[in-house]
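Asks: The sequence isn't on hand, but the structure is:
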């Protein structure tokens, strides 16, 4: 994202350079690429890159992989070079371009010692190069310069765009995320941020936009960011192409009303340009007013120090061809912007953009590696299946009336919050319920009410676990005279959660309590934390989240209990805050668990 250039380090031409090793010759070929705006050209000492002429020494072939959206344009440039017998050091240039998703290439390069069959990689954004290098690429990556740009935008079908005030009304990224989460009548889709640059850059901008405003009234920015991610996660596709494919194919009433068809998408301007060039209903574009997330298509050499001299020069020659007038025109004709240049009116119009939308906003800086890691983790937590056991305090003090609630007790409001939170989970999520006080089941302070399992599963004839849980939350009642058996309960539920760990899911225990441990015969706090630490396995993390409800809750003890099990404790004075705090707590707990993972 943003703009990336190499230095303009010219050297005079003249005699041939002295002999060098293959490694140094290839490195020199890389270093001597010279950029000059749209008229990019390359000069190597001694005229080693002739720009025309018959092939004198055969053919030098290199492989290139590119993001599927730009691969056709690169292929066109490569095909023209073959037709016109373009040469490098007297040998014909033969570049074979393959379209491959950037995420797949990045995964292949990480930890793979097998030599790749390509010398050039053009992903859709620099974030893949940064991620691949940071996570242990077995091959050195040398990013040269951007060959194209395309801003990330929000496209909507004409009727939906009109309801959003297009083109005169502009939105910030945070406002657009709010629209996605608050308009059930607007089917809003995106490509998966874990697999796709467009989705990730949009998520980064949404997160930054929310952080700048501090979140909505009564909601902190972390919680609102997680909620925005959850809203976007409802309709995700693995790639831009698959996301665009969810748009209506024609204007028939059945196609437009199909609930499986998206009405708005996060996508690149170029993807909208390509879509609007067909017969499907066109998109109208919103350009967020508080920052331009921009795909930057970096030309990247792969393992260049291990390429032959001829291969290194051929790779640089291809970059030159992409930057000359014909190359720039070919890429622009495919709907891309020239790096650092102003948007072309006709391209923007065909893509669906129109003033007064901020069409030429300055690209925002790329997210840092830690920011990307945090965003991916937040997304993963938000969208992956969860396995969460909730544990609710039903001691007598939970019957206390909450001031200003119209006579509702702590437990009444806690139940309402939990029922609201339950509605946000998918049928594949696994949720369970325990309750605790003192001596609820013989000498035990705790009781399993609904076993943890998939919400969509059947627990009785015609009854799903979701329905059973909703009823169980609603039916919870304070135990008259019951005390708070916190310590024994925490150990028992944690042992159960660890022993039934769900692989590939976010596992957690959530305990809600309004008091301090009041069972004199229970395990001690020191012994409890020691046992929890022994059970905590970084390879199979089950963070314990403790939510202390009200001023009388033992927040200090909750802190120690949660920390021992890889989680955290939170204080809420108003039980209605539980739903929002729970979302924030899940994100924080998973971040901590990931940091501890081997």
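Replies: Looks like it came in fine. Because the structure is a prediction, the values reported are computed rather than measured.
Asks: and the gap between the residue most central in space within the chain and residue 201?
Replies: Nearest to the geometric centre of the chain sits residue 193, at 3.1 Å (CA atoms, centre = their mean). Distance check for residue 193 against residue 201: by CB to CB, to the nearest Å, it reads 8 Å. C-beta here means a position set from N, CA and C on the backbone, and glycine is covered the same way.
Asks: what do you get for residue 152?
Replies: Note on residue 152: its distance to residue 201, by CB to CB, is 5 Å.
Asks: what do the two both touch?
Replies: Taking CB atoms under 8 Å, 6 or more residues apart in numbering as the contact rule, residue 152 and residue 201 both touch 293-295.
Asks: Which ones among these map onto strands?
Replies: Taking DSSP state E, the ones among the shared contacts of residue 152 and residue 201 that sit in strands are 294-295.
Asks: any chance of the shared contacts of residue 152 and residue 201 in a markdown table, plus pLDDT, distance to residue 145 and neighbour count?
Replies: Formatted as a markdown table, those follow (pLDDT from 0 to 100; distance: CB to CB, whole Å; neighbours: other CB atoms under 10 Å):
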| residue | pLDDT | distance to residue 145 | neighbour count |
| --- | --- | --- | --- |
| 293 | 91 | 19 | 29 |
| 294 | 95 | 14 | 25 |
| 295 | 95 | 14 | 32 |
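Asks: what's the closest of the shared contacts of residue 152 and residue 201 to residue 543?
Replies: residue 293 (31.4 Å; CB to CB).
Asks: Correct me if wrong: the closest one contacts residue 154.
Replies: No - Residue 293 lies out of contact with residue 154 (CB atoms under 8 Å); the separation is 10.8 Å.
Asks: what's next to stretch 435-453, contact-wise?
Replies: By CB under 8 Å, 6+ apart, the residues outside stretch 435-453 that reach it are 387-389, 391-396, 430-434, 459, 465, 468-469, 472, 476, 479, 482-486, 488-489, 492-493, 496-497, 500, 518-519, 522.
Asks: If any of those are buried, give me the PyMOL selection for them.
Replies: Buried residues within these, by 16 or more other CB atoms under 10 Å, are selected in PyMOL with:
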select buried, resi 387+388+389+391+392+393+394+395+396+430+431+432+433+434+465+468+469+472+476+479+482+483+484+485+486+488+489+492+493+496+497+500+518+519+522
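Asks: Residue 118 versus the residue nearest to the centre of the chain, what's the distance?
Replies: Taken as CB to CB, the span from residue 193 to residue 118 is 26 Å.
Asks: give me every residue that touches the residue lying closest to residue 237 once chain neighbours are set aside.
Replies: In space, and not counting its chain neighbours, residue 237 is closest to residue 243: 4.2 Å by CB to CB, 6 or more residues apart in numbering. Residues counted as contacts of residue 243 (CB under 8 Å, 6+ apart) are 189-191, 236-237, 262, 265-267.
Asks: Outline the domain layout of the chain.
Replies: Per automatic domain parsing, the structural domains of the chain span 22-129+301-335, 150-295+352-376, 384-596.
Asks: returning to that earlier point: skipping adjacent residues, who's closest to the residue nearest to the centre of the chain in space?
Replies: residue 199 (3.7 Å).
Asks: Look up which residues are beta-bridged to residue 149.
Replies: residue 337 (DSSP bridges).
Asks: pretty sure it is touching residue 335, no?
Replies: No - under the criterion of CB under 8 Å, residue 149 is not in contact with residue 335, lying 11.1 Å apart.
Asks: Any regions of this protein where pLDDT drops low?
Replies: 1-54, 56, 138, 214-220, 222-223, 377, 380-384, 583, 587-598 (pLDDT under 70).
Asks: just so I have it, where are all the helices in the stretch 451-598 of the chain?
Replies: Counting by DSSP state H, counting those that start in this stretch, one finds helices in the stretch 451-598 of the chain at the ranges 465-475, 486-499, 525-535, 555-564, 578-596.
Asks: Please tell me how far the first one is from the chain's geometric centre.
Replies: Think helix 465-475. 32 Å (CA atoms, centre = their mean, to the nearest Å).
Asks: and that helix, what does it pack onto?
Replies: Applying 3 or more CB pairs under 8 Å, 6 or more residues apart in numbering; DSSP states H and E, we find helix 465-475 packed against helix 410-422, strand 430-441, strand 444-454, strand 458-460.
Asks: can those go into CSV with extra columns for distance to residue 277?
Replies: Listed next are those as CSV, based on distance: least, CB to CB, whole Å:
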stretch, distance to residue 277
helix 410-422, 44
strand 430-441, 45
strand 444-454, 43
strand 458-460, 48
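Asks: out of the ones you listed, nearest to residue 367?
Replies: Smallest distance to residue 367 across those (CB to CB): 29.0 Å, for helix 410-422.
Asks: and residue 142, which of the three is it?
Replies: Here residue 142 takes the strand state, with states given by DSSP: H, G, I helix; E, B strand; the rest coil.
Asks: If it is in a bridge, with which residues?
Replies: residue 301.
Asks: What is the burial count for it?
Replies: 17 (other CB atoms under 10 Å).
Asks: Am I right that it is in contact with residue 300?
Replies: Yes - applying CB under 8 Å, one finds residue 142 in contact with residue 300, separated by 6.6 Å.
Asks: show me what contacts residue 367?
Replies: Going by CB under 8 Å, 6+ apart, residue 367 touches 1, 127, 200-201, 204, 375.
Asks: before we move on, the earlier item: export the contacts of residue 243 to a markdown table and tack on neighbour count?
Replies: As requested, those are exported to a markdown table (neighbours: other CB atoms under 10 Å):
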| residue | neighbour count |
| --- | --- |
| 189 | 23 |
| 190 | 26 |
| 191 | 27 |
| 236 | 20 |
| 237 | 20 |
| 262 | 23 |
| 265 | 27 |
| 266 | 31 |
| 267 | 28 |
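Asks: among those residues, which two are most distant?
Replies: For the contacts of residue 243, the maximum inter-member distance is 12.6 Å, found between 236 and 267 (CB to CB).
Asks: between those two, what contacts are shared?
Replies: Contact with both residue 236 and residue 267 is made by residues 191, 243, according to CB under 8 Å, 6+ apart.
Asks: for the stretch 201-350 of the chain, what spans make up the strands?
Replies: Using DSSP state E, counting those that start in this stretch, the strands assigned to the stretch 201-350 of the chain run over residues 236-237, 264-268, 283-286, 294-295, 298-302.
Asks: what's in contact with the last one?
Replies: Contacts with strand 298-302, where a contact means CB under 8 Å, 6+ apart, come from 4, 30, 109, 116, 118-123, 125-126, 129, 139-147, 307, 312, 315, 319, 322.
Asks: Also the fourth one?
Replies: Taking contacts as CB under 8 Å, 6+ apart, the residues outside strand 294-295 that touch it are 1-2, 124-125, 148-152, 197-198, 201, 268, 270, 363-364.
Asks: Now flag whichever of those residues is closest to residue 213.
Replies: Relative to residue 213, and with distances defined as CB to CB, the nearest of those is residue 364, at 15.9 Å.
Asks: quick one: that closest one and residue 288 touch, right?
Replies: No - look at residue 364 against residue 288 with CB under 8 Å: they stay out of range, at 9.7 Å.
Asks: out of these two, which sits in the busier spot?
Replies: Higher neighbour count among residue 364 and residue 288: residue 288, with 27 against 21, using other CB under 10 Å.
Asks: ok, back up a step: what's the closest of the helices of the stretch 451-598 of the chain to residue 95?
Replies: helix 578-596 (39.9 Å).
Asks: TSV please, covering the contacts of residue 367 and showing distance to residue 564 and neighbour count.
Replies: Shown next, in TSV, are the contacts of residue 367 (distance: CB to CB, whole Å; neighbours: other CB atoms under 10 Å):
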residue	distance to residue 564	neighbour count
1	40	24
127	36	23
200	34	27
201	38	29
204	34	26
375	28	21
